[in-house]
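Student: sequence first, predicted coordinates after that:
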Amino acid sequence: QVQLVESGGGLVQAGGSLTLSCVASGRSFSSYAMAWFRQTPGQEREYVAIIRAGSGGWIFYADSVRGRFTISRDNAKNTVYLQMDSLKPEDTAVYYCYAYLSITRLEYWGQGTQVTVSS
């Protein structure tokens, strides 16, 4: 069982930056692919960024955030980060941390953290 706890959300002006953190409990954090998703009211949860298990050599971003957001992981701290720069009002959403273990196909979600970007 893995528990994910996000932090770092808040209110920021357009053009500003925020860094989200997600700390995972349990063992074998490095074995999990990690990702960030976001969701706005009435909309489906959408993928933002994903980083591969292990050293995270493979990273992929949604088109809407590529060049502005950076995902990274620190396996020693059981933590994945999302650095968000040049924020836009349309980035306003609840951001969720996600973990996936391919060998078992188990997946876990955090409780979410609100990010609000004012214009």
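Tutor: Sure, I can see it.
Student: so residue 37 bridges to which residues?
Tutor: When bridges are called by DSSP bridges, residue 37 pairs up with residue 47, residue 96.
Student: contacting residues around it?
Tutor: Residue 37 makes contacts with 45, 46, 47, 48, 95, 96, 98, as judged by Cβ atoms under 8 Å, 6 or more residues apart in numbering. From N, CA and C alone the C-beta is placed, and that goes for glycine too.
Student: try it again with 7 Å
Tutor: Counting by Cβ atoms under 7 Å, 6 or more residues apart in numbering, residue 37 touches 45, 46, 47, 48, 96, 98.
Student: ditto for residue 38
Tutor: So residue 38 contacts 46, 48, 93, 94, 95, 96 (Cβ under 7 Å, 6+ apart).
Student: the first one: neighbour count?
Tutor: Counted with other Cβ atoms under 10 Å, residues neighbouring residue 46 total 12.
Student: what of residue 27?
Tutor: Residue 27 has 9 neighbouring residues, counting by other Cβ under 10 Å.
Student: and for residue 18?
Tutor: Residue 18 has 20 neighbouring residues, counting by other Cβ under 10 Å.
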